[in-house]
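>>> predicted structure and sequence below. I'll ask about it afterward.
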Amino acid sequence: MDDQGKKRFFEGLKPKKPSEFLAFVFMIAMLWAIALFELFIVLPIYHDPFSTWYCIHVVCGFFLWLNVFANFFMLITTDTTGKKLGMPSVLKPGWTYCPFCQLNAPPRAHHCQICDECVLKRDHHCVFAGRCVGFRNYRYYMFLALYLWMGAVYANVFHHDYVTDEIGGVGFWTLLTMVTPVVIWLLGYTSVYGIFVSFMAGISVFALLLFSAMLFFQTGIIFKGQTSYERKKKKREYDRGWRRNFIEVFGERWYLAWIWPTVSSPLPGDGTNFKKTYPEESKDM
Ligand SMILES: [Zn+2]
Ligand SMILES: [Zn+2]
C-alpha cells in the first residue's frame, strides 16, 4: 500500500457519525463484557479450572470470539468501491452516472450518502461497522452475523441455569428484572449483583433475537440472489439458483471460508459484471 493508499485506509476507518461511533463502542464493550462474564463468573461454577470441559469451553468460546473480531475487522477495512478498478469514462449499457462521485457506476452499485462513495453491489449501510456492506465485504458481514448468532446461542444456553438460580426461574418477575432491573432493585426485589446478572442475561436474549432476525433476513436475500435494495424493488434479475447465489457471496471456496476471514475464497467477477437470469436459462437447483 502506498502512502496515499494508507491515508485513504485510515480516513475510511474514521466513524462518519457520532451515533455510529456510539453503536460501535457499545457493541465492542458488550462483546467483552459477555465473554468475561462467561469466562470468569459462569464457567468456574460449572467446571473446575483447567479440567477437560473447562478447556473445551474456553477453546470453543475463544474460536467464536476471535472470528467475530476478525470478520468485523475485515468488514470495516475492505475497500467496497470500484476506485482501484478505474471506472470507464463512457457510459456502458446498464451503468449509471453518479453525480456525487462524478463517475460511471456499474449495475447493482449504489451511492451511499453516509460513506459518500459508490459501493459495488451495495446491500446496506451497517450502523455498527459504520460502513457499507457490498460485493467485497458481504462474506465478512455474513460470517460476523453467523458467529455473533452462534455466540449468543452459546452464551444463553451456557448461563441459563446460573442466571435462573440468581434471579429466579423463567417467569413474570425474571422478565421484568431483565427489562427494568433498576426499577426492580428500587422496589427491593433484587440486589445490585442481581441487576448486573439480569442485565447480562437481558442483553444476551436481546442479542440472540437481533442476530437471529439479521441472519434469517440476509440468508433469504442471498438465497434469492438479491441485495436489500433489489428486494425492496422486488427485482430478481440476478437470481441464478441458490447454489450459485451463495457462491456469489461466499466465493468459490465457501466450504473453507467460514473457518477464518483470511482463508482465500475468490469471488466470481470483479463486482462490475453480473450475469442476469434469462427466462431460457435453466437454474441449477
Ligand atoms: Zn457515488
Ligand atoms: Zn455506507
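Arrived safely, thanks for sending. Ligands and ions are numbered 1, 2, ... in the order given.
>>> longest helix in this structure, by number of residues?
If you go by DSSP state H, the chain has its longest helix at helix 192-223.
>>> pull out the buried positions in it.
For helix 192-223, a neighbour-count test (16 or more other C-beta atoms under 10 Å) marks 194-205, 207-208, 211, 214-215, 218, 221-222 as buried. Every C-beta, even on glycine, is put in place using the N, C-alpha and C of the backbone.
>>> got it, and stretch 236-256?
Neighbour-count burial for stretch 236-256 flags 238-241, 244-251 (criterion: 16+ other C-beta under 10 Å).
>>> among these, which are in helices?
Those of the buried residues of stretch 236-256 lying in helices (DSSP H): 244-250.
>>> now for those, which pair is the farthest apart?
The largest separation in these, counting by C-beta to C-beta, is between R244 and F250 at 11.3 Å.
>>> the stretch 51-200 of the chain against ligand 2: which residues are in contact?
112, 114-115, 125, 132 (C-beta under 5 Å from the ion).
>>> select only the buried ones of these in PyMOL?
Typed into PyMOL, the line below selects the buried ones among these, using 16+ other C-beta under 10 Å:
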select buried, resi 112+115+125+132
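>>> determine which two of the residues of the stretch 51-200 of the chain next to ligand 2 are furthest apart.
Going by C-beta to C-beta, the pair spanning these furthest: I114 and C132, at 8.0 Å.
>>> give me the common contacts of those two.
H125 (C-beta atoms under 8 Å, 6 or more residues apart in numbering).
>>> and the angle from the longest helix of the chain to helix 242-250?
For helix 192-223 against helix 242-250, the angle by axes from the mean of the first three to the mean of the last three C-alpha atoms, to 10 degrees is 120 degrees.
>>> if we can go back for a sec, switch the buried residues of stretch 236-256 over to JSON lines; also include distance to ligand 1.
JSON lines is the format used below for the buried residues of stretch 236-256 (distance: C-beta to the ion, whole Å):
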{"residue": "Y238", "distance to ligand 1": "20"}
{"residue": "D239", "distance to ligand 1": "26"}
{"residue": "R240", "distance to ligand 1": "26"}
{"residue": "G241", "distance to ligand 1": "31"}
{"residue": "R244", "distance to ligand 1": "28"}
{"residue": "N245", "distance to ligand 1": "26"}
{"residue": "F246", "distance to ligand 1": "28"}
{"residue": "I247", "distance to ligand 1": "27"}
{"residue": "E248", "distance to ligand 1": "22"}
{"residue": "V249", "distance to ligand 1": "22"}
{"residue": "F250", "distance to ligand 1": "26"}
{"residue": "G251", "distance to ligand 1": "26"}
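>>> is F50 in a helix, a strand, or coil?
Three-state call for F50 (DSSP: H, G, I helix; E, B strand; the rest coil): coil.
>>> that one: neighbouring residues, count only.
Neighbour count of F50, defined by other C-beta atoms under 10 Å: 8.
>>> likewise V25?
12.
>>> for the longest helix of the chain, packing partners?
In terms of contacts (3 or more C-beta pairs under 8 Å, 6 or more residues apart in numbering; DSSP states H and E), helix 192-223 is packed against helix 18-36, helix 138-167, helix 172-179, helix 181-186, helix 242-250.
>>> give the buried residues for the fourth one.
To tie it back to what came earlier, the one meant is helix 181-186. Across helix 181-186, burial judged by 16+ other C-beta under 10 Å covers 181, 184-185.
>>> ok, residues contacting it?
173, 176-177, 190-192, 194-195, 198-199, 202.
>>> tell me if I'm right that M30 and L210 touch.
No. M30 lies out of contact with L210 (C-beta atoms under 8 Å); the separation is 11.2 Å.
>>> how far away is the spatially most distant residue from the centre of the chain from T52?
Distance from the centre of the chain peaks at G188, with 38.8 Å (C-alpha atoms, centre = their mean). According to C-beta to C-beta, to the nearest Å, G188 and T52 sit 42 Å apart.
>>> same question, G251
Taking C-beta to C-beta, one finds G251 at 36 Å from T52.
>>> the stretch 1-150 of the chain: helices as residue ranges?
3-13, 18-36, 43-46, 52-77, 138-167 (DSSP state H, counting those that start in this stretch).
>>> helices or strands up against the last one?
Using 3+ C-beta pairs under 8 Å, 6+ apart as the contact criterion, the secondary-structure elements in contact with helix 138-167 are helix 43-46, helix 52-77, helix 172-179, helix 192-223, helix 242-250.
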